[in-house]
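Enquirer: Here's a sequence, model it:
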Amino acid sequence: MDLVTQLQEEVSALHALMWNYTGVLQRDAPPASLSGEPLLSERAANGLGAADIKTAADEPARMAEAVVSSVKRIDALAARLPPIDSDPNAQSARLAALQARNEALARELETEIANADKALAETRELYTEVTDEILLKPTTPRSN
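Expert: The predicted structure follows:
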């Protein structure tokens, strides 16, 4: 798998983590009053016991570790990307070189396609000759 594809997959994985973790944090967030009305206790509001509250409190740390790990993998992949020259003249020269290479490869491909077409035509002609000889050959009746 190429480097850009790996990077795309890792960014997609980070996106999935962030999407899921945002939902978990919203779901598990303690209630907050916007207008100062009294709130039920966190345990009563969420129907959670003490062990559940401890587990819910540990969850953000585990989620943060997963996000940091994913970001580190993305950074490592991004560091392996080739450098980008910001000089416009260097970019133009690189584009010209790539265009020249593309044109040379296109000519080579056209030559190979022409050779393949010739070989195919020759093969078809030989196939036609062989089948004509086999099918059009006079047959002698068998005697029983």
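Enquirer: So D85: helix, strand or coil?
Expert: The three-state assignment at D85 reads coil, by DSSP: H, G, I helix; E, B strand; the rest coil.
Enquirer: my read: it touches Q91, true?
Expert: Yes. Using Cβ atoms under 8 Å, D85 is in contact with Q91, at 6.1 Å. C-beta here means a position set from N, CA and C on the backbone, and glycine is covered the same way.
Enquirer: Residue ranges in this structure under the pLDDT threshold?
Expert: Residues of the chain meeting the criterion pLDDT under 70: 40-57, 140-144.
Enquirer: can you pull out the helices in this protein?
Expert: Remark: helices assigned in the chain by DSSP state H are 3-28, 42-46, 50-79, 88-136.
Enquirer: Format the ones you listed as TSV; extra columns: distance to L34 and mean neighbour count.
Expert: As requested, the helices of the chain are arranged in TSV below (distance: least, Cβ to Cβ, whole Å; neighbours: other Cβ atoms under 10 Å):
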stretch	distance to L34	mean neighbour count
helix 3-28	15	13
helix 42-46	15	13
helix 50-79	22	13
helix 88-136	53	10
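Enquirer: Looking at the ones you listed, spot the one closest to S35.
Expert: helix 42-46 (16.6 Å; Cβ to Cβ).
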